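[1] sequence and predicted structure are below.
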Amino acid sequence: IDPKDLMAVERSTTALVGLSISLVVFGFVVEKFQLFLQTLSEGLKIRHYATPSLFKYVEFYNYLGIAIVALGIVLAIYSYQYYITWIEHLKSKEIHTDKKIYLILSICITFVGLLLVTSMLIS
């Protein structure tokens, strides 16, 4: 295996692993935002303030955070499979491009972004 090709595959795999770590952390932050909203809502109820309509969507952030963390975990597992597949391709001296992962990632991240924007506009 040519070292330049091997290092390129390792850089790509490292980028995918970094993205999966970012998704896990982002999902955790979104899920904990749900906890923050619950705490804030309870504090406002204790002080007899009217709670804004934002708090009726609290469960949504819980499920969205869990879904984003799950997406990060699936991507981490796929990254290992991606690396192994590319090593096999390099050993057999054939080139194979997998463009569907970039399409799937783009669709998932766009969907999560649209959900977050929609939740901000609704509340």
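    Ah, there it is.
[2] low-confidence ranges, this structure, go.
    Low-confidence segments of the chain (pLDDT under 70): 41, 44-58, 123.
[3] if we use 80, what do you get?
    Residues of the chain meeting the criterion pLDDT under 80: 1, 33-61, 95-99, 101, 119-123.
[4] this protein: strands as residue ranges?
    Taking DSSP state E, the chain contains no strands at all.
[5] quick check, central residue of it?
    The chain has residue 23 as the residue nearest its centroid, 3.0 Å off, counting by C-alpha atoms, centre = their mean.
[6] out of everything not next to it in sequence, what's closest to that one?
    Closest residue to residue 23 apart from its sequence neighbours, by C-beta to C-beta, 6 or more residues apart in numbering: residue 72 at 3.2 Å. Any C-beta I mention is one placed from the backbone N, CA and C, and that applies to glycine too.
[7] ok, that neighbour - contacts?
    19-27 (C-beta atoms under 8 Å, 6 or more residues apart in numbering).
[8] what about the helices in this protein?
    For the chain, the helices defined by DSSP state H occupy 3-46, 58-91, 100-122.
[9] mean neighbour count, these: which tops it?
    helix 58-91 (a mean of 16; mean count of other C-beta atoms under 10 Å).
[10] got the angle between that one and helix 100-122?
    For helix 58-91 against helix 100-122, the angle by axes from the mean of the first three to the mean of the last three C-alpha atoms, to 10 degrees is 170 degrees.
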